[in-house]
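Trainee: sequence? don't have it. structure:
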């Protein structure tokens, strides 16, 4: 999996499908043609100042990175960008519940993407 590093990539994902589940918000969209590499998924992580100080934000992002490395190779789709946004309470969220939050958000986002792909374009 590749990492999202440019602000424009994060903004593009924010305009895509957004799903909230527990302590995580998932934003996803298709990877632009010029950035695709062998149909690999790209992932980014963010935690705002609402989460807390720098230590709390870094801890939240570390938890998101660990969960994503465990789940996205199994559930992520190649050719898509994913951004995991930490929400309040992520630090105290039990690990199995955090994993369930991400799985729920991924499944819901994929259903929305599939429904949009099947809709006629005007």
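Mentor: Received the coordinates, thanks. Not measured: the values here are computed from a predicted model.
Trainee: contacting residues around the helix ranked longest in the chain?
Mentor: What stands out as the longest helix in the chain, according to DSSP state H, is helix 95-118. Residues outside helix 95-118 that contact it (Cβ atoms under 8 Å, 6 or more residues apart in numbering): 17-26, 28, 63, 67-68, 70-72, 75-77, 80, 82, 84, 90, 93. All C-beta spots, glycine's among them, are computed from the backbone N, C-alpha and C.
Trainee: Okay, buried residues for that helix please.
Mentor: 98, 99, 101, 102, 104, 105, 106, 108, 109, 110, 113 (16 or more other Cβ atoms under 10 Å).
Trainee: Tabulate those (CSV), appending pLDDT and distance to residue 7.
Mentor: CSV is the format used below for those (pLDDT from 0 to 100; distance: Cβ to Cβ, whole Å):
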residue, pLDDT, distance to residue 7
98, 96, 26
99, 96, 28
101, 96, 25
102, 96, 23
104, 96, 27
105, 96, 22
106, 95, 23
108, 94, 26
109, 94, 21
110, 93, 25
113, 88, 23
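Trainee: What is the nearest of those to residue 11?
Mentor: The shortest distance between residue 11 and any of these, using Cβ to Cβ, involves residue 109 and amounts to 17.3 Å.
Trainee: Please name the nearest non-neighbouring residue to residue 59.
Mentor: The shortest distance from residue 59 to any residue that is not its chain neighbour, by Cβ to Cβ, 6 or more residues apart in numbering, is 5.9 Å, and that residue is residue 91.
Trainee: quick check, that neighbour in a helix?
Mentor: No - secondary structure assignment (DSSP: H, G, I helix; E, B strand; the rest coil) places residue 91 in coil, not in a helix.
Trainee: Can you get me a residue count around it?
Mentor: By the criterion of other Cβ atoms under 10 Å, residue 91 has 16 neighbours.
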